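Visitor: my questions concern the predicted model and sequence given below.
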Amino acid sequence: MSDYSVGENTVIYAGTVIGDGCRIGDNVVLGKQPALSPRSTAKREELPPLELGEGTVVSTGSVVFAGTKLGARVILGDQSCVRERCELGDDVVVGRGSLVENDTTIGARTKIQANAYVTAYSTLEEDVFVAPCVVTTNDNFMGRTERRHALRKGPTIRRGARIGGGAVLLPGIEVGEEAFVGAGAVVLRDVPPRALVVGNPARQIRDVPEEELLPD
């Protein structure tokens, strides 16, 4: 039997896998099946159980859906939410009040700070930094026309990229490896690797300095 702790008033749905050393806070919900509206375009299927890796911390009031896998030593802040069919690597941090939508992949050691919104069908690679109140989007048609279904896609944020507070990333864009998106920027198109972009619309003003790059 796994050695873990569970707080008060927490709901753990049948089949949920909890690794050794996990700490589950008060008023948490683990392994919830999604309740979809009749018009939802999300997949309708019975999802496999949620899996939490060893040493993971799920803080007060958090909700983690079925069909998701969290790596080892993940930290989910108070009132955060991770939807179905997501995969979070080892040592990922999701800050207080942040939402990771369905079908999203997040690489090891990535940090998502408070009140960020990571839209469905996004990819964040390893060592990404997402500052507070960042907003990502995945639908250029905002629910209109059938054409949107084939084009719906969140951003891809490559290894070591950093996204500043309050930035907005439009659907399907790619932020290159080690790129830097300044606070409040509105990113309409792909950002090259190591580029530093600012403004609305975001524009490149220089490259990220060598001393700021991650070790190989």
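Guide: That came in fine, so what should we check first? Numbering: from 1, shown residues only.
Visitor: Val197 should be in a strand, yeah?
Guide: Yes. Assessed with DSSP: H, G, I helix; E, B strand; the rest coil, Val197 lies in a strand.
Visitor: list the buried residues of the least confident helix or strand in the chain by mean pLDDT.
Guide: Least confident helix or strand, the chain: helix 148-151 with a mean of 74, by mean pLDDT, DSSP states H and E. Residues of helix 148-151 classed as buried: Arg148 (neighbour count, 16 or more other Cβ atoms under 10 Å). The C-beta positions use only the backbone N, C-alpha and C, and glycine is treated the same way.
Visitor: same check, this time on stretch 206-216
Guide: Buried positions in stretch 206-216, judged by neighbour count with 16+ other Cβ under 10 Å: Val208.
Visitor: what does the least confident helix or strand of the chain rub up against?
Guide: Here helix 148-151 makes contact (Cβ atoms under 8 Å, 6 or more residues apart in numbering) with Thr41, Asp139, Asn140, Phe141, Pro171, Gly172.
Visitor: will you turn those residues into a markdown table that also has pLDDT, distance to Asp20 and neighbour count?
Guide: Formatted as a markdown table, the contacts of helix 148-151 follow (pLDDT from 0 to 100; distance: Cβ to Cβ, whole Å; neighbours: other Cβ atoms under 10 Å):
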| residue | pLDDT | distance to Asp20 | neighbour count |
| --- | --- | --- | --- |
| Thr41 | 64 | 38 | 13 |
| Asp139 | 89 | 40 | 20 |
| Asn140 | 80 | 44 | 15 |
| Phe141 | 76 | 45 | 13 |
| Pro171 | 96 | 39 | 20 |
| Gly172 | 96 | 39 | 18 |
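Visitor: which of those residues fall within strands?
Guide: The strands, defined by DSSP state E, take in nothing from those.
Visitor: just list whatever residues bridge to the closest residue to Val6 other than its chain neighbours.
Guide: Excluding its sequence neighbours, the residue lying closest to Val6 (Cβ to Cβ, 6 or more residues apart in numbering) is Ile24, at 4.5 Å. With DSSP bridges as the criterion, Ile24 is bridged to Val6, Val58.
Visitor: what about Ile24, neighbour count?
Guide: Per other Cβ atoms under 10 Å, the neighbour tally for Ile24 reads 23.
Visitor: for Phe180, same thing?
Guide: When neighbours are defined as other Cβ under 10 Å, Phe180 has 25 of them.
Visitor: touching, it and Leu196? I think so.
Guide: Yes. When contacts are counted by Cβ atoms under 8 Å, Phe180 is listed as touching Leu196 (4.4 Å).
Visitor: from Phe141, how far out is Gln79?
Guide: 31 Å (Cβ to Cβ, to the nearest Å).
Visitor: can you give me the buried ones in stretch 105-116?
Guide: By 16+ other Cβ under 10 Å, the buried positions in stretch 105-116 come out as Thr105, Ile106, Gly107, Ala108, Arg109, Thr110, Lys111, Ile112, Gln113, Ala114, Asn115, Ala116.
Visitor: any idea what the second one is bridged to?
Guide: Just to be clear, that refers to Ile106. According to DSSP bridges, beta-bridge pairing links Ile106 with Leu88, Leu124.
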